[in-house]
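# sequence first, predicted model second:
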Amino acid sequence: MSIFFRSKNKIIYFDSNERNSAYELGLALSLCIKKHLISARNIVFLCIGSDRATGDSLGPIIGYKLSKYINHPNFHIYGTLAHPVHAKNLKDTVAMIKKKHGNAFIIAIDASLGKSDHIGYVTLGEGPLKPGAGVDKDLPEVGDLFITGIVNFSGMFEHMLLQTTRLNVVMSMADLICTAIRYCINHLEPHMLNELSKA
């Protein structure tokens, strides 16, 4: 559960209620990957969150969905409903990813809190994500890019907000983000996927 991001670059917002948002997010994601993926590297989708609170389950739901259809040897998914990545194991998971996948390009995915009129928006940004900031947890920054879904508004009693977040909001954004990632993978030029296979 994130609330703010440390990035020198701009954050792009996508309204999950807009018809073309999934395609636009997928296109923007593919452009970001092409911009930063200079050499052949593994791409890791690090889906952060817990399945014990509706508002924090966005990451594990996305990880679960992605694991069903991404089948490329150099795309890796961590954080699913069966094996969530959360505050207690995030540091160890990141260390394991670095050891196992070397100089992996990490796309961090998490739920976030924001302004009330931004609920339902998905953000894409360059640089690391600061997980746990929305609920006052001190966790390491992770990722080369980040995707977040704003599931509720920030304010007092954040833990209660996570418990009372509507599942429909979470599922709608999970569907959008997964569709966007599929668009992104399809949009990546074949030679880039060939380069990834050499990593």
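All right, it came through fine.

# low-scoring stretches of this protein, by residue?
When residues are selected by pLDDT under 70, those of the chain lie in 1-9, 38-40, 132-138, 155-164, 189-199.

# and the strands in the chain?
2-5, 11-15, 43-47, 75-78, 105-114, 121-126, 129-131, 145-153 (DSSP state E).

# what are the pairing partners of the last one, and which direction each?
The strands beside strand 145-153 in its sheet (DSSP bridges) come out as strand 105-114 (parallel), strand 121-126 (antiparallel).

# again with the third one
When pairs are called by DSSP bridges, strand 43-47 turns out to pair with strand 75-78 (parallel), strand 105-114 (parallel).

# which residues of this structure fall in helices?
With DSSP state H as the criterion, the chain has helices at 21-36, 58-69, 90-101, 158-164, 167-187, 190-197.

# next, the angle strand 105-114 makes with the third one.
Orientation check (axes from the mean of the first three to the mean of the last three CA atoms, to 10 degrees): helix 90-101 against strand 105-114 gives 160 degrees.

# got a list of contacts for helix 90-101?
The list of residues contacting helix 90-101 from outside it, by CB atoms under 8 Å, 6 or more residues apart in numbering, reads 42, 44, 46, 48, 76, 78-79, 85, 104, 106, 131, 139-140, 142. In this view, the C-beta of every residue, glycine as well, is placed from N, C-alpha and C.

# ok so, going back, most tightly surrounded among the strands paired with strand 43-47?
When the strands paired with strand 43-47 are scored by mean count of other CB atoms under 10 Å, the highest mean neighbour count falls to strand 105-114 (a mean of 26).

# to Cys178, which of the strands paired with strand 145-153 lies closest?
Ranking those by their distance to Cys178 (criterion: CB to CB) puts strand 105-114 first, at 9.9 Å.

# winner for burial among the helices of the chain?
When these are scored by mean count of other CB under 10 Å, the highest mean neighbour count falls to helix 58-69 (a mean of 23).

# and it, how far out from the chain middle?
In terms of CA atoms, centre = their mean, to the nearest Å, the gap separating the centre of helix 58-69 from the centre of its chain is 10 Å.
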